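Peer 1: Give the three-dimensional model of this entry:
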Amino acid sequence: MTAIESPEDLCELRATEDKGLGLFATRDIQAGEQVILDRQILGCRDYPDLAQRTFEAIREFDKLSKSDQDDYLSLYSWQEPTVVEELRQLLAGPTHGAIPLDQIEPSIRVVTILRSNGFQQYENRLGEDGEVAWGRRTVFPWASRFNHSCDPNLVWSTSWVPGYWQARANRDIEEGTELTISYVPAGLPHEERRKQLSRYWGFICACDLCERSDSAVDEETKDARQTLQEGYEQEGGTIAVQQGTSEEIITRYERRIQILDQPRSLSQLYFAYLDAADFCQHLAENNSKEELAHLEERVQLLEQAYATGVQVWGPGDQMVLDTAWHIKTLKQRLGKAGVSV
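Peer 2: As a prediction, the model looks like this:
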């Protein structure tokens, strides 16, 4: 597998205790440091129609070199029974031209690997309806090796460097620590996270954050996500489990930002602003009456993140530029709704 910037100096692939293979830090990594910049191995248009998605995935796979096909087929594939049966009927049916019987199961694996490992890529523009124009679902060989955590130590994007997948540390990481990303959007309650992970990836999350969520021993941790745990002020902290009312969660975000608002913590402060902005997006999507107000709050938090990012990495950093783009598109959306920000 080949990444644009090889991760081999920062991480290595090895067995975990209970999740198969995973990537682990081979040295200390600082918050904000780039861990990997990965090139796609396969990409398809993210059509709403299953048949279009399926046959395009098969066509694109057939175009790959033998080496790339081998790398692709080595990736995890969640064979969800109802999806597999739907694909089997589609591939064997006459509507789209049946494929040879001996190619049906290999083709199903090609499609389910894309379903399990595909990241959404979009062009930095808005569609006619004012929404972000999602374009492609793309598989990256190294990115697909990161395991999930609801409290990930990496944040990733496919737009910081358009056409590629990039991950950065969202806090300081010690040598030997497993590197993780989140497979689900920020801001989801515990039960919704578990539901999505079970449905789309076929596992029940047992990360430290979810295990604490199920425990009746630590009520404060059970009642929180994106809050500060014991020792946070001294050690730099980790993120716990999001429960409680919106007001309580927002208060915890504000407390996290307040504690990190100091020169030695600016890189972590940047991600704290992004986390809070993501939660405002979640509130906007789930409360139509207050949607615009929550989007205004999101803009303000992104502007704070942008200013912090400029201090840490400079205005030309791709991650900072991506934040600026989100601010611009949100302001355009709010402007169309008659809101001046």
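
Peer 1: need the helices for this protein, in chain order.
Peer 2: Using DSSP state H, the helices of the chain run over residues 50-62, 66-73, 81-92, 104-117, 190-201, 208-214, 219-222, 232-235, 246-260, 266-285, 291-313, 318-336.

Peer 1: Nearest to Thr180, out of these?
Peer 2: helix 208-214 (10.5 Å; Cβ to Cβ). Yep, even glycine has a C-beta here, placed from its N, CA and C like the rest.

Peer 1: hmm, back to that, is it possible to get CSV of the helices of the chain that adds mean pLDDT?
Peer 2: Output for these, formatted as CSV (pLDDT from 0 to 100):
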stretch, mean pLDDT
helix 50-62, 90
helix 66-73, 93
helix 81-92, 88
helix 104-117, 92
helix 190-201, 83
helix 208-214, 66
helix 219-222, 35
helix 232-235, 29
helix 246-260, 73
helix 266-285, 82
helix 291-313, 90
helix 318-336, 89
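
Peer 1: and those as a markdown table, adding mean neighbour count and distance to Gln40?
Peer 2: Output for the helices of the chain, formatted as a markdown table (neighbours: other Cβ atoms under 10 Å; distance: least, Cβ to Cβ, whole Å):
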| stretch | mean neighbour count | distance to Gln40 |
| --- | --- | --- |
| helix 50-62 | 17 | 10 |
| helix 66-73 | 14 | 10 |
| helix 81-92 | 15 | 23 |
| helix 104-117 | 20 | 11 |
| helix 190-201 | 16 | 20 |
| helix 208-214 | 17 | 30 |
| helix 219-222 | 15 | 38 |
| helix 232-235 | 11 | 37 |
| helix 246-260 | 17 | 34 |
| helix 266-285 | 22 | 24 |
| helix 291-313 | 19 | 24 |
| helix 318-336 | 18 | 17 |
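
Peer 1: Serialize those helices to CSV and add fields for distance to Cys150.
Peer 2: Output for these, formatted as CSV (distance: least, Cβ to Cβ, whole Å):
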stretch, distance to Cys150
helix 50-62, 28
helix 66-73, 27
helix 81-92, 24
helix 104-117, 18
helix 190-201, 6
helix 208-214, 4
helix 219-222, 13
helix 232-235, 18
helix 246-260, 15
helix 266-285, 13
helix 291-313, 21
helix 318-336, 22
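
Peer 1: For Asp18, which of the ones you listed is the nearest?
Peer 2: Asp18 sits nearest to helix 208-214 of all the helices of the chain, at 12.0 Å, using Cβ to Cβ.

Peer 1: what residues are up against His326?
Peer 2: Residues counted as contacts of His326 (Cβ atoms under 8 Å, 6 or more residues apart in numbering) are Leu302.

Peer 1: quick one: it from Arg59, how far?
Peer 2: Look at His326 and Arg59: by Cβ to Cβ, to the nearest Å, they are 33 Å apart.

Peer 1: and if you look at Thr26?
Peer 2: 38 Å.

Peer 1: Then Asp70?
Peer 2: 18 Å.

Peer 1: Leu114 against Leu42, yeah?
Peer 2: Yes. Using Cβ atoms under 8 Å, Leu114 is in contact with Leu42, at 6.9 Å.

Peer 1: joint contacts of these two?
Peer 2: Ala57, Val139.

Peer 1: tell me the contacts of Val339?
Peer 2: Leu292, Leu295, Glu296.

Peer 1: With Ser116 instead?
Peer 2: Here Ser116 is in contact with Leu75, Tyr76, Ser77, Trp78, Tyr200, Trp201 (criterion: Cβ under 8 Å, 6+ apart).

Peer 1: Widest-spaced pair of these?
Peer 2: Leu75 and Tyr200 (14.8 Å).

Peer 1: So which of the contacts of Val339 is the closest to Thr54?
Peer 2: Leu295 (35.5 Å).

Peer 1: And the nearest residue in space to the closest one that is not next to it in sequence, how far from Ala293?
Peer 2: With sequence-adjacent residues excluded and distances taken as Cβ to Cβ, 6 or more residues apart in numbering, Leu295 is closest to Ala284, at 5.1 Å. Using Cβ to Cβ, one gets 8 Å for the distance from Ala284 to Ala293.

Peer 1: One more: Val310?
Peer 2: For Val310 relative to Ala293 (Cβ to Cβ), the value is 27 Å.

Peer 1: same thing with Arg137?
Peer 2: 33 Å.

Peer 1: Give me the domain ranges for the protein.
Peer 2: Domain segmentation of the chain under automatic domain parsing yields 41-139, 179-334.

Peer 1: Looking at those domains, which is nearest to Ser157?
Peer 2: Between these, domain 179-334 lies closest to Ser157; by Cβ to Cβ that is 6.1 Å.

Peer 1: and the contacts of Val339 as TSV, adding distance to Val155?
Peer 2: Below are the contacts of Val339 laid out as TSV (distance: Cβ to Cβ, whole Å):
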residue	distance to Val155
Leu292	27
Leu295	21
Glu296	24
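
Peer 1: Brilliant, that's me finished.
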